[in-house]
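**Student:** what follows is a predicted protein model with its sequence.
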Amino acid sequence: MIRHLVLLAALVPALFGCGAASGGGHPAAMRTSAPQATAEPPVMPVVAPSIRPLDLQGAPPAPTTVPGPDAPPPVRIRIPAIGVDSALARLGLNADGTIQVPPDFNEAGWYEDGPVPGQPGPAVILGHLDSYTGPAVFYRLSSLRAGSRVEVGRADGSEVTFTVQRVARFPVANFPTDQVYGVTAEPELRLITCAGTFDVARGRYTTNVVVFAVAA
């Protein structure tokens with residue numbers, strides 16, 4: 001059975017720079033030993049997204065459904081407009097109630113305690129923004145526009161296609177949980193990553209990018 005949709009009020013999917021630090025990097029110190037010193041290039045911070053579980057009190061409950069032949073689990077995501085073609089890791093919740101993040105910077109992850117893509121409700125897929133070595137899987141997510149296509153391949157070989165409705169940015173400190181994770185009557189999709197300024201003290205980005213898409 002699909003468990004209640006417990007989701008993130010503050011997301012920083014792994015764009016890396018999104019979330020609780022798992023090894024945050026800091027700009028390298030300036031070289032000062034030589035007269036013609038040059039600054040070392042800054043190291044990109046690598047952090048895991050920090051996602052608070054949805055407080056279900058006062059919020060509509062997620063639909064409880066049983067995956068069947070018509071709702072096999074997703075195994076791949078393709079977003080032609082930004083060159084994404086990634087396998088999907090399965091993500092659950094950590095012991096502290098935060099959502100897990102994809103173990104691979106270049107691989108997105110599906111939150112398996114929520115709806116399956118193709119079922120009623122907002123299925124959630126997270127991806128990192130960047131890593132120590134450069135852009136990660138959802139680095140270009142914010143450049144998507146209304147009308148862009150998102151294809152989700154499923155375990156039985158079938159595919160569900162979604163059309164982007166809008167792309168929004170939300171401050172991590174004021175994440176609209178109900179708007180992003182609230183129950184929907186039709187199959188929908190949420191793609192989430194980080195953006196904005198990286199807060200070194202907190203080890204996270206200050207903004208979340210959320211793509212809202214509906215089944216085509």
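**Tutor:** Great, that's in hand.

**Student:** just say helix, strand or coil for the nearest residue to Asp104 once chain neighbours are set aside.
**Tutor:** Across the structure, with C-beta to C-beta, 6 or more residues apart in numbering as the measure, the residue nearest Asp104 apart from its sequence neighbours is Ala89 (7.0 Å). Heads up, the C-betas are built off the backbone N, CA and C, glycines and all. Here Ala89 takes the strand state, with states given by DSSP: H, G, I helix; E, B strand; the rest coil.

**Student:** ok, now which ones touch Ala89?
**Tutor:** By C-beta atoms under 8 Å, 6 or more residues apart in numbering, the residues touching Ala89 are Pro102, Pro103, Asp104, Glu107, Ala108, Gly109, Trp110.

**Student:** so which residues of the protein form helices?
**Tutor:** If DSSP state H is used as the criterion, the helices of the chain fall at 177-181.

**Student:** low pLDDT regions in it?
**Tutor:** 1-70, 98 (pLDDT under 70).

**Student:** 90 instead, please
**Tutor:** Low-confidence regions of the chain, defined by pLDDT under 90, span residues 1-71, 92-101, 113, 130-134, 171-183, 194-207.

**Student:** ranges for the strands of it?
**Tutor:** With strands called from DSSP state E, the chain shows them at 74-79, 84-91, 108-111, 121-126, 130-131, 134-135, 149-154, 159-171, 187-199, 204-215.

**Student:** can you add distance to Thr177 and give those strands back as TSV?
**Tutor:** What follows is those, written out as TSV (distance: least, C-beta to C-beta, whole Å):
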stretch	distance to Thr177
strand 74-79	23
strand 84-91	17
strand 108-111	14
strand 121-126	11
strand 130-131	25
strand 134-135	28
strand 149-154	22
strand 159-171	10
strand 187-199	11
strand 204-215	11
